[in-house]
Structure formats: structure tokens, C-alpha cells
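> Need the 3D shape of this:
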Amino acid sequence: MQIDNRQPIGVFDSGVGGLSVLRVIREQMPEESVLYFGDQEHVPYGPRPLQQVKDFSEGITRFLLGKCAKLIVVACNAASAAALKYLRETFSDISFVGMEPAVKPAAEHTVTGVVGVLATPATFQGALYASVVERFAAGVVLLQSTCPGLVQQIELGELDSPKTHTILEAALQPMLKQNIDTVVLGCTHYPFVIPLIQEIVGEKVRVIDPAPAVARQAERILEARGLKAPIGGRGETQFFTSGEAATLQALLPKLIGEIKTVTGLDWESDTVLK
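So this is what the prediction gives:
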């Protein structure tokens with residue numbers, strides 16, 4: 001497949017969570033054009049079987065490649081856990097950047113030796129998370145919570161509602177009682193509620209957003225492959241969803257401060273978008 005630097009970066013997530021990665025990519029590489037796909041028909045991915053998430057990820061990848069993506073960012077922890085290895089094997093001529101819970105930097109910098117991890121069930125069940133824990137978290141106590149309902153609240157744009165507050169209190173207060181000094185965000189939706197998380201845990205607890213590291217990795221790969229867009233230009237972003245286009249369109253100003261048109265797509269099967 002012929003790839004050149006004028007082609008866009010493809011970014012996808014189960015819903016709006018990947019917008020937390022998109023906004024950092026746009027800040028870091030404003031010259032790059034981006035295709036964003038949110039699979040809002042199937043959000044959340046976290047409770048779904050890994051095989052189904054793999055199928056959805058394959059279908060979205062085929063769609064983005066059909067739109068000439070030069071690099072694909074799997075901006076979803078659940079999809080990275082379920083499908084990243086498979087995608088790299090299946091589409092070997094394209095580079096992928098996935099999400100990995102930031103357990104390593106948390107383990108390196110914790111003073112109390114107790115770290116909280118907020119993620120979805122699919123992430124905790126995946127081999128990727130188990131591998132990261134095995135390699136980097138020896139001697140560190142990891143307290144895990146799946147924050148049931150939090151992804152759905154963020155999909156509704158309820159970043160500071162009483163219900164969102166209750167979900168995070170239930171996850172974080174037991175961790176605080178066990179002396180955590182770091183919170184790892186293992187879902188790309190969760191950075192949108194960092195202000196609320198920080199309000200609950202206090203300024204002495206560090207909250208790790210993985211998006212900047214993912215954007216840096218995407219930039220490194222583009223540079224290494226000679227695929228970075230020319231400096232000085234201004235890239236365009238196109239938005240696609242399998243849900244209601246108007247719903248995502250209404251959320252964009254709140255989540256990333258942009259007013260954009262969103263194109264709606266339909267699933268023909270678990271691996272085919274039309």
C-alpha cells in the first residue's frame with residue numbers, strides 16, 4: 001500500500017473517549033489531518049466479549065484504511081487490549097499506536113507504594129494489562145475499579161453531575177483509605193473528568209493521563225517512517241460515528257471546544273461499516 005505524508009491519521013474509540021487523545025494529537029501536531037471514528041452504537045466496549053471488540057476494531061480499521069489513513073491510533077484501552085496484536089498482524093503494512101495503562105510511570109514514582117487504576121473490565125481482563133503489571137508493578141499494590149456507569153455519563157456529557165460524582169466517590173474513597181498517591185486512568189473517556197477526580201483525591205494525589213504519551217509515540221512513528229505532514233500547514237479533522245451524528249456533534253464543543261459536522265455510518269455486520 002502506497003502511503004505518503006499528506007494522508008490523515010486515523011483515530012478510533014468506542015465513543016467520545018478517544019477525543020481526549022485527539023485533542024492532544026492536534027495540539028502537538030497541528031499540521032496533521034485526522035479521521036476520528038466513535039463507535040457509539042456499541043459503546044461501552046468494556047463489558048463486551050473480547051472477540052466482539054476485536055471484530056469491531058477490524059471493521060473500523062478497514063474503514064479508516066479505505067479513507068487512506070497513514071497511521072492508526074487505537075484510542076481505546078478496551079480495543080487495544082482485545083485487538084491491537086491482531087490488528088498489527090492482520091494489517092502489517094500500517095503502523096498502529098495503542099493504549100497501555102500507565103502502570104510503569106505510576107510504579108516508578110509512587111512513594112506510598114499504593115496506586116489506583118480506573119479502567120473497564122475488558123482492559124483488566126486483557127493480556128496487555130497483565131503484561132504491564134508483571135513487568136513494571138513488582139512491589140506495588142494496585143487497587144482496581146471498573147467505575148460502572150462512568151463511560152455512559154461521559155458519553156452524555158455529564159462531566160460534573162451528581163451521578164458522575166457518586167460513581168467516582170465510590171471508586172476513589174476506598175482507595176484513598178488505603179493511601180494511594182497516584183491514580184492511573186486506564187480508559188480514554190476518563191481524562192474528561194480529571195477535574196472531578198482531582199477534586200475528590202486532592203492535590204497530593206497524582207492523576208496520570210496517558211494521552212500525551214500516545215501522541216508522542218504517534219509523532220515518533222510518523223517521523224521514523226518519513227510520514228509527518230509539512231510543518232506550517234493546518235490539518236483538517238473529519239468526524240464519523242456509528243451512533244446519532246447529532247449527538248456527537250453536540251458534544252464536540254463541550255469536550256474539545258470545536259464545532260464540526262459529524263458523518264453517521266451504519267454497521268452492516270460486526271466487521272463491515274457502510
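> For the residue lying closest to Val207 once chain neighbours are set aside, list the residues it contacts.
Spatial nearest neighbour of Val207, excluding adjacent residues (CB to CB, 6 or more residues apart in numbering): Val183 at 4.8 Å. All C-beta atoms are positioned from the backbone trio N, CA, C, and that covers glycine. The neighbours of Val183, taking CB atoms under 8 Å, 6 or more residues apart in numbering as the test, are Val115, Gly116, Val117, Leu118, Leu172, Met175, Ile197, Val201, Val205, Arg206, Val207, Ile208.
> Where does the first one sit, in terms of helix or strand?
Yep, that's Val115 we're talking about. strand 114-119 (DSSP states H and E).
> Can you give me the buried ones in the helix or strand bottoming out on mean pLDDT in the chain?
Counting by mean pLDDT, DSSP states H and E, the chain has its least confident helix or strand at helix 121-125, which shows a mean of 87. Buried residues in helix 121-125, counted by 16 or more other CB atoms under 10 Å: Pro121, Ala122, Thr123, Phe124, Gln125.
> Helix or strand next in line after that helix, which one?
Next along from helix 121-125, by DSSP H and E: helix 127-136.
> which helices and strands does that following helix pack with?
Using 3 or more CB pairs under 8 Å, 6 or more residues apart in numbering; DSSP states H and E, the elements in contact with helix 127-136 are helix 77-90, helix 103-109.
> Apply 6 Å and report the result again.
Contacts defined by 3 or more CB pairs under 6 Å, 6 or more residues apart in numbering; DSSP states H and E place helix 127-136 against helix 103-109.
> Centre of the chain to the helix it packs on, how far?
Helix 103-109 sits 19 Å away from the centroid of its parent chain (CA atoms, centre = their mean, to the nearest Å).
> Is it possible to get TSV of the contacts of Val183 that adds distance to Val97, pLDDT and neighbour count?
What follows is these, written out as TSV (distance: CB to CB, whole Å; pLDDT from 0 to 100; neighbours: other CB atoms under 10 Å):
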residue	distance to Val97	pLDDT	neighbour count
Val115	24	98	25
Gly116	25	98	26
Val117	21	98	26
Leu118	21	97	26
Leu172	29	98	22
Met175	29	98	21
Ile197	24	98	19
Val201	28	98	21
Val205	28	98	19
Arg206	24	97	18
Val207	22	98	18
Ile208	17	97	21
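> Out of those, which is nearest to Ile72?
For the contacts of Val183, the residue nearest Ile72 by CB to CB is Ile208; the value is 23.5 Å.
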